[in-house]
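*Asks:* I need the structure of the sequence given here:
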Amino acid sequence: MARILVTGVGGPAGSSLARQLMERGHYVLGVDMEAVRPGLASDTLVVPAASSPDYVQTLCHLAVKRGVDLVVPTVSDELPQVSEARALFGAGVEVLIAPRLAVHTANDKYLTMTALKAAGISVPEFGLPVDFVSAQDAMDRLGGSIVIKPRVSRGGRGVQLIEHAPDAGHWDELDRSLIVQRFAPGTEYAPVVLRHGPDRDPDDVVVVLEKTELKEGRVGNAVSVKRVEPPAAEDVAALAVAAVGVLGLTGPADVDIRRMPNSAPVILEVNARFGANSAQAPELVDGVLRKLRDSAIAGMV
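*Replies:* As a prediction, this is how the structure comes out:
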């Protein structure tokens with residue numbers, strides 16, 4: 001039985017992951033910035049917010065005090081500082097997170113789009129609000145309806161679909177904290193990827209999930225998803241794997257992809273963590289646990 005610390009256990013990603021781990025017989029210490037209902041994890045604790053200077057130190061202390069084998073961060077806000085402080089957790093504690101630069105790039109949607117486009121990965125046309133004089137200018141130059149959303153965010157918060165220029169409000173009030181993307185109107189997918197290292201590993205995983213209902217109708221978080229088995233949507237799976245590789249991410253990644261009017265898939269964003277729908281792809285958790293077991297055995301030799 002492994003002892004695993006899962007952050008953000010009150011959120012959809014953390015609670016789903018904790019449940020999967022407990023179903024497999026593991027002890028889960030779930031932490032969150034607010035008290036959560038009993039039963040979400042084997043034990044739960046309240047910790048400082050991810051923005052607190054004491055956050056990482058608190059996680060390190062808990063990992064040692066509770067004899068944790070693996071720390072799994074699931075909250076976007078915390079990923080950069082956890083990745084940067086990875087070495088502070090000490091010997092014997094694995095942290096399931098990608099390298100610092102990869103996490104930093106994925107955490108900023110504009111940097112993500114810039115890196116992917118430079119590598120030839122398909123993305124919708126994009127820019128910053130300051131790149132355009134008005135919403136109409138953005139729509140004209142990007143080729144159609146646009147989406148405005150925070151460069152750094154959690155989930156689908158703050159996403160605005162603009163199909164008519166007047167709906168954008170006062171364009172000059174939009175700042176560099178936002179990204180503007182051409183709206184991809186086709187089917188939306190949430191492929192999940194597990195990449196074990198920089199080189200191709202036979203145990204790497206990609207599973208394509210199709211979003212069948214969105215919270216805001218045409219945009220936003222998925223209310224429901226369905227698993228898409230190969231050979232269907234193989235282009236989506238290949239694009240997700242390529243994007244994760246270009247960014248240098250390892251561990252779990254949750255990707256958003258939509259189809260353009262010509263049916264070509266494009267990357268919308270990449271999240272360097274488990275997503276809310278990971279239970280639909282149990283191979284991810286099984287893959288993480290297999291590598292953790294192999295690492296523990298290697299450490300005993």
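*Asks:* where in the chain is pLDDT low?
*Replies:* Scanning the chain for pLDDT under 70 picks out 154-156, 215-220, 222, 296-301.
*Asks:* ok, longest helix in it?
*Replies:* In the chain, assigned by DSSP state H, the helix with the most residues is helix 283-300.
*Asks:* Val225 falls within a strand, correct?
*Replies:* Yes - looking at Val225 with DSSP: H, G, I helix; E, B strand; the rest coil, it is inside a strand.
*Asks:* surely it meets Ala281?
*Replies:* No - with contact defined as C-beta atoms under 8 Å, Val225 does not reach Ala281; the gap is 9.9 Å. Using the backbone N, CA and C atoms, a C-beta is placed for each residue, glycine as well.
*Asks:* center of the protein, which residue is that?
*Replies:* Nearest to the mean C-alpha position of the chain, by C-alpha atoms, centre = their mean, lies Asn271 at 2.1 Å.
*Asks:* if I pick that residue, what's in contact with it?
*Replies:* The contact partners of Asn271, by C-beta atoms under 8 Å, 6 or more residues apart in numbering, come to Ser76, Ala106, Ala253, Asp254, Val255, Asp256.
*Asks:* Can you say which two of the residues you listed are spatially most distant?
*Replies:* Within those, Ser76 and Val255 form the most distant pair, 13.7 Å apart (C-beta to C-beta).
*Asks:* who has more neighbours, these two?
*Replies:* Val255 (27 against 22; other C-beta atoms under 10 Å).
*Asks:* And stretch 225-243, end to end?
*Replies:* End-to-end distance of stretch 225-243 (C-alpha to C-alpha, to the nearest Å): 21 Å.
*Asks:* circling back to that earlier point, specify the beta-bridge partners of the residue nearest to the centre of the chain.
*Replies:* Bridge pairing for Asn271 (DSSP bridges) gives the partners Asp254.
*Asks:* now it: how far from Glu84?
*Replies:* 18 Å (C-beta to C-beta, to the nearest Å).
*Asks:* what's the answer for Val228, then?
*Replies:* 35 Å.
*Asks:* give the contact list for Ile4.
*Replies:* Leu21, His26, Tyr27, Val28, Leu29, Val68, Asp69, Leu70, Val71, Val72.
*Asks:* Tell me if I'm right that the second one and Leu17 touch.
*Replies:* No - with contacts defined as C-beta under 8 Å, His26 does not count as touching Leu17, sitting 10.8 Å away.
*Asks:* Please consider this matter closed, and thank you.
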